[in-house]
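> sharing a model that was predicted from the sequence below.
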Amino acid sequence: MPKYRMPTQEQVEAALLKIPTFQLRRVFYEGLENPLWVRPLLRAGAFTNPPEPQATDDGYVRDVYWPEISYLTRIASQAPGEVVDVLLQLKDTKNAWVRRGVFEIGSKIPAGEGAKLKPLLQAWVSSGFGWRTDPTSLVSFAVTLLEGGETKIGRWLANILFEPRAQSESHGLKKPELSLDDYWYEEGLPRIVTALRGNALSALTGWLSKYVNLSGHASGGYDFSGMDRPSIADRGDSHSNPEDALIEALRDTAIPAARSDPERTVAILLRPTIKLLRKIALYIVAEAIRQELDGGKDAGHLVGVAKQLLSDPASDDEYLRIETARIDYEALSVIGPFLEQAYASDLAWMRERLLVGEEQAEVDEAEIHARADRYRHSWLYAIGSNALPADLQQELARLDESNGVIDDPLVPIGRVTSWSGPNPHTTQQEMVDMSPTELVVLLANWHDKGD
C-alpha cells in the first residue's frame, strides 16, 4: 500500500474551489486514491448534499449521479471508520447511487463498522434500499455482518431481505412480497443459510411458514399446502420460485440437523402446524435414517421420532404419502399400527360424509368399507410389498385381485391440474369423491373463461 500524506485543511479547501462543476468533481473523486482525505473533506462540507431525484417533463424520475460516492466506495476498506462517519450523515437522502454505495461499502468493511450503519438501513426500510442497489451487495452485507460476529443486526437484515411480507394481488392469486426478485432470492438464499449457521433451521422454518400462510395455502381453517410440492426431493417440472428455494434450503439444512438431534429438528418443523412442513419432516427423517443405515451406523436415535410422526393422525394424508412411503419400515416396525390408525380414521370420516339416514346405513356401510379399502390399498402399494410384513403382503395381494394393480400409488387421488376446453372441469361425482380440502383447492384455482 502506498504511503499517503494527510492533506492540510487549506489544501482541501483549495482543491474544492477548483472543482465547481459536476464534470470536474467527477474527475477529481474518481481519481482520488488517498484515504486520508476523507476526514478533511468531511470537515470542509464536501459530503453534505447528494442530489435528490428529479422529476422530468415526461413523468419519469431522474437519479443524478453523485461522484463523491465512488471515492468513498473505493477507499472504504482502507478507512472504514471515516467512511462510516460520512455515511451516517446521509440518512435522509433518497439518492439511489448513495444507497447503492452504502450496501457495497457495508459488504467490504469490518462487521463492527458495518453494524454502525443500522440507522441508515432502518430509515430506508419503508422507502426501499434503492432500485440501483446490486442484490448481491444486499446479501453480501448481511453475510458480512453474520460472519463477522454482528449476529443481531445480521439476522435483522437477513429477515428484511428474506422474510415474506403482506401479500399483494397478482392475477387473482395471492403472492407474498419480498425485498428481492425471485431470481436473486434463490441465488442469495444458500449464502445467507451458511452465514446463519445454527440459526438457519429456525429462520428457514419461519420464512417458509409465513410464505405458505400469506399465499393462502394454510389459512382460514384450511391447509392444502401439502400439495405445493409433489415431492420434497425434487421440484419436478415446476419453474423456480421462492417457495421452492425455501423448501430446498430447509430440506438440506434439516437433514444433517436431524441426524445429530432429531427431536429438536422435528419439533422446530412441526411448530407452525403446517402440512408442508410436516411433509418436509417426514422426508428428512426418512432420509436421515437412510443415510445412517447406508453409512453402517445405528439409526436407533431416529426411530422414536419416526414413530412419533407416524402415530400422529396428521401424517395420514395422501399428499404426504410420497414422503411417508420413504421411511424404512424394516428398521421401525411401525407400519401395522400406522395403517390401522389410518384405516379407522378413514372409516370414521367416510361415515360422517356418506351416512345420510338410518334406512341407508346398510348400503352405505358397504360402500364406506369399499372406499376405505381402496385408500388402504394405495397406502400398501406406496410402501411396497418388500417392506410389508407377511400378513400385509397377503392383504396387498388380495386387494390387487379385487381392485386391480395401482400404476402410480404415490400420485395423490384427485390432484388438481390445469385444464382448458368446452367440457365441464369436473363432474359432480368426481367432486362428491373429493375431500373438503380437495374441493376447496379445486374451486380456488378454477376461473371461468366465459366459454
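On my side now, so go ahead.
> which intervals of the stretch 151-300 of the chain have sub-threshold pLDDT?
Along the stretch 151-300 of the chain, the model assigns pLDDT under 70 to residues 168-173, 236-240.
> repeat for the stretch 301-450 of the chain
In the stretch 301-450 of the chain (pLDDT under 70), the answer is 330-332, 353-364, 410-425, 444-450.
> for it, which segments count as helices?
321-324, 329-332, 335-354, 361-383, 390-403, 428-432, 436-444 (DSSP state H, counting those that start in this stretch).
> what comes up buried for the third one?
Of the residues in helix 335-354, those with enough neighbours to count as buried (16 or more other C-beta atoms under 10 Å) are 335, 338-339, 341-343, 346-347, 349-350, 354. For glycine as for every other residue, the C-beta is placed from the backbone atoms N, C-alpha and C.
> tell me which other helices or strands that helix touches.
Packing partners of helix 335-354 (3 or more C-beta pairs under 8 Å, 6 or more residues apart in numbering; DSSP states H and E): helix 300-311, helix 361-383, helix 390-403.
> quick one, the longest one and helix 335-354 angle?
What it means is helix 361-383. 140 degrees (axes from the mean of the first three to the mean of the last three C-alpha atoms, to 10 degrees).
> how far off centre is helix 361-383?
37 Å (C-alpha atoms, centre = their mean, to the nearest Å).
> please, where are all the helices along the stretch 151-300 of the chain?
Using DSSP H, counting those that start in this stretch, helices in the stretch 151-300 of the chain cover 151-162, 182-196, 200-214, 242-260, 262-270, 275-294, 300-311.
> and the buried residues of helix 335-354 as CSV, adding distance to Tyr185?
Formatted as CSV, the buried residues of helix 335-354 follow (distance: C-beta to C-beta, whole Å):
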residue, distance to Tyr185
Ile335, 39
Phe338, 37
Leu339, 40
Gln341, 39
Ala342, 37
Tyr343, 42
Asp346, 39
Leu347, 44
Trp349, 39
Met350, 42
Leu354, 45
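> just give me the closest of those residues to Pro53.
The closest of the buried residues of helix 335-354 to Pro53 turns out to be Trp349 (C-beta to C-beta; 59.8 Å).
> now do Tyr222 against Lys275, distance only.
Counting by C-beta to C-beta, to the nearest Å, the gap from Tyr222 to Lys275 is 10 Å.
> of the two, who's got more company?
Counted by other C-beta atoms under 10 Å, Tyr222 and Lys275 do not tie: Lys275 has more neighbours, with 22 against 14.
> can you pull the contacts of that one?
Lys275 makes contact with 218, 223-226, 314, 317, 319-320, according to C-beta atoms under 8 Å, 6 or more residues apart in numbering.
> how about the helices and strands packed on helix 335-354 in TSV, adding mean neighbour count?
Below are those laid out as TSV (neighbours: other C-beta atoms under 10 Å):
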stretch	mean neighbour count
helix 300-311	19
helix 361-383	17
helix 390-403	13
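> now render these as a markdown table, adding distance to Val432.
Shown next, in a markdown table, are these (distance: least, C-beta to C-beta, whole Å):
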| stretch | distance to Val432 |
| --- | --- |
| helix 300-311 | 30 |
| helix 361-383 | 11 |
| helix 390-403 | 19 |
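> nearest to Gln122, of those?
Nearest to Gln122 among those is helix 300-311 (40.8 Å), distances taken as C-beta to C-beta.
> elements contacting that closest one?
Helices and strands touching helix 300-311, by 3+ C-beta pairs under 8 Å, 6+ apart, are helix 242-260, helix 262-270, helix 275-294, helix 329-332, helix 335-354.
> okay, those helices, which one's buried deepest?
helix 275-294 (a mean of 23; mean count of other C-beta atoms under 10 Å).
> do you know how far the closest residue to Asp244 other than its chain neighbours is from Val38?
Among residues not flanking Asp244 along the chain, Arg235 sits closest, at 4.8 Å (C-beta to C-beta, 6 or more residues apart in numbering). As for Arg235, its distance to Val38 is 48 Å (criterion: C-beta to C-beta).
> neighbour count: those two, which is higher?
The residue with more neighbours, out of Arg235 and Val38, is Val38; 23 against 17, by other C-beta under 10 Å.
> which element is the more buried one on?
helix 38-43 (DSSP states H and E).
> the next helix-or-strand element following that helix packs against which elements?
Beyond helix 38-43 on the C-terminal side, the first helix or strand identified by DSSP H and E is strand 54-55. Other helices and strands packing on strand 54-55, by 3+ C-beta pairs under 8 Å, 6+ apart, are strand 61-62.
> quick one: strands adjacent to the strand it packs on?
Paired strands of strand 61-62, with direction, are strand 54-55 (antiparallel) (DSSP bridges).
> now do the same for the partner strand: mean pLDDT, whole number.
The average pLDDT within strand 54-55 is 86.
> what sits against the residue nearest in space to the middle of the chain?
Taking C-alpha atoms, centre = their mean, the centroid of the chain lies closest to Leu246, which sits 2.8 Å from it. Shown in contact with Leu246 (C-beta under 8 Å, 6+ apart): 189, 204, 207-208, 211.
> ok, the closest residue to Pro262 other than its chain neighbours to Ile327 distance?
Leaving aside its sequence neighbours, Pro262 sits nearest to Val305 (C-beta to C-beta, 6+ apart; 4.2 Å). Distance of Val305 to Ile327, given as C-beta to C-beta: 11 Å.
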